[in-house]
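*Asks:* coords please:
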Amino acid sequence: MKVNLNLFPKKKSKEEIKIIKFVISKFGYRPKDVGLFKIALTHKSFSNDKEHLESNERLEFLGDSIIDAIVANLLYERFPDEDEGYLTKLKSKIVSRKALSGIGNNLDIGKNIFYKKGRSINMATLEGNAFEALIGAIYLDSNYENAKKSLVNHVFRNFVDLNKIISEEIDFKSKLFIFSQKNKLELNFDIVNEEHNGKQIVYEALVTINNREWGRGKGTSKKKAEQMASKETLILMGEL
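*Replies:* Numbering: from 1, shown residues only. I've put the predicted structure just below:
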(Lines give C-alpha, C1' and ligand atoms only; values in the text may rest on other atoms or scores of the structure.)
Protein backbone atom coordinates (compact mmCIF):
# COMPACT_ATOMS: atom_id res chain seq x y z
CA MET A 1 0.00 0.00 0.00
CA LYS A 2 1.39 3.37 -1.04
CA VAL A 3 1.17 6.29 1.34
CA ASN A 4 0.32 9.68 -0.14
CA LEU A 5 3.09 11.86 1.27
CA ASN A 6 1.13 15.00 0.33
CA LEU A 7 -1.18 14.24 3.24
CA PHE A 8 1.75 14.81 5.57
CA PRO A 9 3.25 18.19 4.68
CA LYS A 10 6.88 18.77 5.56
CA LYS A 11 7.34 20.46 8.90
CA LYS A 12 8.48 24.05 8.49
CA SER A 13 11.82 25.14 9.87
CA LYS A 14 12.23 27.90 12.46
CA GLU A 15 13.56 30.13 9.69
CA GLU A 16 10.48 29.53 7.53
CA ILE A 17 8.13 30.12 10.46
CA LYS A 18 9.91 33.41 11.21
CA ILE A 19 9.49 34.55 7.60
CA ILE A 20 5.80 33.60 7.56
CA LYS A 21 5.09 35.46 10.80
CA PHE A 22 6.96 38.52 9.53
CA VAL A 23 5.06 38.69 6.23
CA ILE A 24 1.69 38.17 7.94
CA SER A 25 2.32 40.83 10.60
CA LYS A 26 3.74 43.48 8.27
CA PHE A 27 1.97 42.79 4.97
CA GLY A 28 -1.24 41.11 6.08
CA TYR A 29 -0.55 38.23 3.70
CA ARG A 30 0.10 34.54 4.43
CA PRO A 31 2.79 33.10 2.12
CA LYS A 32 2.12 29.86 0.28
CA ASP A 33 5.60 29.41 -1.19
CA VAL A 34 7.87 30.42 1.70
CA GLY A 35 10.96 29.90 -0.47
CA LEU A 36 9.85 32.77 -2.68
CA PHE A 37 9.83 35.12 0.30
CA LYS A 38 13.23 33.92 1.48
CA ILE A 39 14.58 34.90 -1.93
CA ALA A 40 12.92 38.32 -1.53
CA LEU A 41 14.86 38.78 1.71
CA THR A 42 18.20 37.55 0.34
CA HIS A 43 20.77 40.17 -0.67
CA LYS A 44 23.33 39.27 -3.34
CA SER A 45 26.18 39.58 -0.80
CA PHE A 46 24.68 36.55 0.99
CA SER A 47 23.72 34.58 -2.12
CA ASN A 48 27.25 34.95 -3.54
CA ASP A 49 28.56 32.98 -0.56
CA LYS A 50 25.91 30.26 -0.87
CA GLU A 51 25.96 27.97 -3.88
CA HIS A 52 22.71 27.82 -5.89
CA LEU A 53 21.07 30.48 -3.68
CA GLU A 54 19.17 33.15 -5.61
CA SER A 55 19.27 36.84 -4.62
CA ASN A 56 16.29 39.21 -4.57
CA GLU A 57 17.36 41.33 -7.55
CA ARG A 58 14.85 39.87 -10.03
CA LEU A 59 12.01 40.08 -7.51
CA GLU A 60 13.05 43.66 -6.74
CA PHE A 61 12.73 44.51 -10.45
CA LEU A 62 9.26 42.96 -10.58
CA GLY A 63 8.11 44.53 -7.31
CA ASP A 64 9.21 47.98 -8.46
CA SER A 65 6.86 47.74 -11.45
CA ILE A 66 3.98 46.36 -9.36
CA ILE A 67 4.30 49.16 -6.76
CA ASP A 68 4.47 51.74 -9.56
CA ALA A 69 1.25 50.43 -11.10
CA ILE A 70 -0.60 50.23 -7.77
CA VAL A 71 0.37 53.76 -6.72
CA ALA A 72 -0.50 55.14 -10.17
CA ASN A 73 -3.95 53.54 -9.93
CA LEU A 74 -4.42 54.81 -6.37
CA LEU A 75 -3.60 58.41 -7.33
CA TYR A 76 -5.70 58.21 -10.51
CA GLU A 77 -8.74 57.30 -8.42
CA ARG A 78 -8.03 59.71 -5.55
CA PHE A 79 -7.41 62.80 -7.73
CA PRO A 80 -9.88 62.62 -10.68
CA ASP A 81 -9.45 66.31 -11.56
CA GLU A 82 -5.64 66.45 -11.64
CA ASP A 83 -3.61 66.29 -14.85
CA GLU A 84 -0.86 63.86 -15.84
CA GLY A 85 1.96 66.16 -14.75
CA TYR A 86 0.60 66.53 -11.23
CA LEU A 87 -0.03 62.79 -10.82
CA THR A 88 3.45 61.98 -12.14
CA LYS A 89 5.14 64.30 -9.64
CA LEU A 90 3.13 62.89 -6.77
CA LYS A 91 3.80 59.29 -7.78
CA SER A 92 7.53 60.01 -8.09
CA LYS A 93 7.57 61.29 -4.52
CA ILE A 94 5.74 58.26 -3.11
CA VAL A 95 7.84 55.64 -4.96
CA SER A 96 11.17 57.45 -4.66
CA ARG A 97 14.17 55.52 -3.37
CA LYS A 98 14.10 57.61 -0.19
CA ALA A 99 10.40 56.91 0.42
CA LEU A 100 10.70 53.16 -0.22
CA SER A 101 13.72 52.90 2.04
CA GLY A 102 11.73 54.70 4.74
CA ILE A 103 8.88 52.22 4.35
CA GLY A 104 11.34 49.33 4.57
CA ASN A 105 12.71 50.79 7.79
CA ASN A 106 9.21 51.23 9.27
CA LEU A 107 8.52 47.58 8.50
CA ASP A 108 11.73 46.46 10.27
CA ILE A 109 12.74 44.56 7.15
CA GLY A 110 16.40 44.95 8.07
CA LYS A 111 15.99 42.49 10.94
CA ASN A 112 14.91 39.80 8.47
CA ILE A 113 17.29 40.33 5.54
CA PHE A 114 19.93 37.71 4.75
CA TYR A 115 23.15 39.53 3.91
CA LYS A 116 26.86 39.17 4.54
CA LYS A 117 27.68 40.83 7.84
CA GLY A 118 30.81 42.88 8.25
CA ARG A 119 30.60 44.48 4.81
CA SER A 120 30.07 48.16 4.19
CA ILE A 121 26.44 48.01 3.06
CA ASN A 122 23.84 50.76 3.11
CA MET A 123 21.06 49.20 5.19
CA ALA A 124 18.48 51.74 3.99
CA THR A 125 19.10 50.61 0.41
CA LEU A 126 18.83 46.94 1.41
CA GLU A 127 15.52 47.58 3.15
CA GLY A 128 14.04 49.52 0.23
CA ASN A 129 15.11 46.86 -2.27
CA ALA A 130 13.80 44.03 -0.10
CA PHE A 131 10.47 45.84 0.30
CA GLU A 132 10.06 45.95 -3.48
CA ALA A 133 11.08 42.28 -3.71
CA LEU A 134 8.50 41.29 -1.09
CA ILE A 135 5.71 42.98 -3.04
CA GLY A 136 6.96 41.11 -6.11
CA ALA A 137 6.86 37.88 -4.12
CA ILE A 138 3.27 38.48 -3.02
CA TYR A 139 2.31 39.11 -6.64
CA LEU A 140 3.92 35.86 -7.83
CA ASP A 141 2.61 33.89 -4.85
CA SER A 142 -0.97 35.04 -5.53
CA ASN A 143 -2.00 37.82 -7.92
CA TYR A 144 -2.06 41.57 -8.54
CA GLU A 145 -5.18 42.16 -6.45
CA ASN A 146 -3.64 40.60 -3.36
CA ALA A 147 -0.45 42.61 -3.87
CA LYS A 148 -2.57 45.76 -4.16
CA LYS A 149 -4.60 44.86 -1.08
CA SER A 150 -1.44 44.24 0.95
CA LEU A 151 0.24 47.49 -0.13
CA VAL A 152 -2.76 49.83 0.12
CA ASN A 153 -4.82 48.32 2.96
CA HIS A 154 -2.01 47.10 5.17
CA VAL A 155 1.38 48.68 4.47
CA PHE A 156 0.18 52.19 3.60
CA ARG A 157 -2.54 52.15 6.26
CA ASN A 158 -0.40 50.88 9.14
CA PHE A 159 3.17 51.92 8.38
CA VAL A 160 3.07 54.97 6.07
CA ASP A 161 1.47 58.39 6.50
CA LEU A 162 0.45 58.66 2.86
CA ASN A 163 -1.71 61.72 3.50
CA LYS A 164 1.31 63.50 4.98
CA ILE A 165 3.42 62.68 1.93
CA ILE A 166 0.68 64.00 -0.34
CA SER A 167 0.07 67.16 1.69
CA GLU A 168 3.78 67.96 1.80
CA GLU A 169 3.79 67.82 -1.96
CA ILE A 170 0.70 69.86 -2.74
CA ASP A 171 0.15 72.45 -0.03
CA PHE A 172 2.80 75.02 -0.91
CA LYS A 173 0.40 77.89 -0.24
CA SER A 174 -0.03 76.88 3.41
CA LYS A 175 3.73 76.54 3.81
CA LEU A 176 4.17 80.05 2.42
CA PHE A 177 1.50 81.44 4.76
CA ILE A 178 3.21 79.85 7.76
CA PHE A 179 6.59 81.19 6.66
CA SER A 180 5.17 84.70 6.16
CA GLN A 181 3.38 84.75 9.50
CA LYS A 182 6.45 83.46 11.32
CA ASN A 183 8.60 86.21 9.80
CA LYS A 184 5.89 88.93 10.01
CA LEU A 185 5.75 89.45 6.24
CA GLU A 186 2.82 90.86 4.24
CA LEU A 187 1.74 88.18 1.77
CA ASN A 188 -0.63 88.70 -1.17
CA PHE A 189 -1.85 86.65 -4.14
CA ASP A 190 -3.09 88.22 -7.39
CA ILE A 191 -4.44 86.64 -10.56
CA VAL A 192 -2.57 88.65 -13.20
CA ASN A 193 -3.64 86.87 -16.37
CA GLU A 194 -6.29 84.53 -17.81
CA GLU A 195 -5.75 82.63 -21.06
CA HIS A 196 -8.63 80.99 -22.94
CA ASN A 197 -7.39 78.15 -25.15
CA GLY A 198 -10.81 77.05 -26.35
CA LYS A 199 -11.26 74.19 -23.90
CA GLN A 200 -10.33 75.71 -20.57
CA ILE A 201 -9.03 78.78 -18.82
CA VAL A 202 -5.41 78.92 -17.68
CA TYR A 203 -4.83 81.32 -14.81
CA GLU A 204 -1.55 82.99 -13.87
CA ALA A 205 -0.97 83.93 -10.24
CA LEU A 206 1.62 86.29 -8.76
CA VAL A 207 2.92 86.30 -5.20
CA THR A 208 3.93 89.60 -3.64
CA ILE A 209 5.65 89.84 -0.26
CA ASN A 210 6.02 93.28 1.33
CA ASN A 211 5.02 94.76 -2.05
CA ARG A 212 7.85 92.93 -3.83
CA GLU A 213 7.06 90.51 -6.67
CA TRP A 214 8.18 86.91 -6.13
CA GLY A 215 6.92 83.69 -7.70
CA ARG A 216 4.55 83.21 -10.60
CA GLY A 217 2.54 80.12 -11.44
CA LYS A 218 -0.04 78.85 -13.91
CA GLY A 219 -2.91 76.41 -13.51
CA THR A 220 -6.34 75.44 -14.79
CA SER A 221 -7.86 76.89 -11.62
CA LYS A 222 -6.97 79.90 -9.48
CA LYS A 223 -6.11 77.53 -6.62
CA LYS A 224 -3.66 75.56 -8.74
CA ALA A 225 -2.07 78.74 -10.06
CA GLU A 226 -1.59 80.05 -6.51
CA GLN A 227 -0.08 76.72 -5.46
CA MET A 228 2.47 76.88 -8.28
CA ALA A 229 3.27 80.53 -7.56
CA SER A 230 3.74 79.64 -3.88
CA LYS A 231 6.06 76.77 -4.83
CA GLU A 232 8.20 79.02 -7.02
CA THR A 233 8.35 81.61 -4.23
CA LEU A 234 9.49 79.01 -1.68
CA ILE A 235 12.17 77.82 -4.09
CA LEU A 236 13.39 81.38 -4.69
CA MET A 237 13.56 81.89 -0.94
CA GLY A 238 15.50 78.69 -0.44
CA GLU A 239 12.70 77.10 1.59
CA LEU A 240 12.25 74.15 -0.78
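*Asks:* can you give me the helices for this structure?
*Replies:* 14-27, 34-40, 44-47, 57-78, 84-94, 97-106, 123-141, 144-149, 157-159, 162-170, 172-182, 222-236 (DSSP state H).
*Asks:* Tell me which of those helices is the most buried.
*Replies:* Burial of those is given as mean neighbour count (mean count of other CB atoms under 10 Å); helix 123-141 ranks first at a mean of 24. Every C-beta, even on glycine, is put in place using the N, C-alpha and C of the backbone.
*Asks:* ok and that helix relative to helix 14-27, angle-wise?
*Replies:* 90 degrees (axes from the mean of the first three to the mean of the last three CA atoms, to 10 degrees).
*Asks:* Just the mean pLDDT for helix 123-141, thanks.
*Replies:* Helix 123-141 carries an average pLDDT of 95.
*Asks:* Please name every helix or strand in contact with that helix.
*Replies:* helix 14-27, helix 34-40, helix 57-78, helix 97-106, helix 144-149 (3 or more CB pairs under 8 Å, 6 or more residues apart in numbering; DSSP states H and E).
*Asks:* domains for the chain, by residue range?
*Replies:* 11-169, 171-236 (automatic domain parsing).
*Asks:* Can you give me the buried ones in stretch 186-196?
*Replies:* For stretch 186-196, a neighbour-count test (16 or more other CB atoms under 10 Å) marks 187, 189 as buried.
*Asks:* Where does pLDDT dip in the protein?
*Replies:* Applying pLDDT under 70 to the chain flags residues 1-9, 47-52, 118-120, 167-170.
*Asks:* quick one: the nearest residue to residue 200 once chain neighbours are set aside and residue 82, what's the gap?
*Replies:* Nearest residue to residue 200, sequence neighbours excluded (CB to CB, 6 or more residues apart in numbering): residue 220, at 5.3 Å. In this view, residue 220 and residue 82 are 10 Å apart by CB to CB, to the nearest Å.
*Asks:* picking that back up, TSV please, covering the helices and strands packed on helix 123-141 and showing distance to residue 226.
*Replies:* Shown next, in TSV, are the helices and strands packed on helix 123-141 (distance: least, CB to CB, whole Å):
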stretch	distance to residue 226
helix 14-27	40
helix 34-40	44
helix 57-78	21
helix 97-106	26
helix 144-149	34
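*Asks:* wait, which of the ones you listed is closest to residue 201?
*Replies:* helix 57-78 (23.9 Å; CB to CB).
*Asks:* rewinding a little: quick one, which of the helices and strands packed on helix 123-141 gets closest to residue 175.
*Replies:* Closest among the helices and strands packed on helix 123-141, using CB to CB: helix 97-106, at 19.2 Å.
*Asks:* Please name every helix or strand in contact with that closest one.
*Replies:* helix 123-141.
*Asks:* List the contacts of residue 71.
*Replies:* 91, 94, 95 (CB atoms under 8 Å, 6 or more residues apart in numbering).
*Asks:* thinking again about what came up before, between the helices and strands packed on helix 123-141, which one is nearest to residue 216?
*Replies:* helix 57-78 (26.4 Å).
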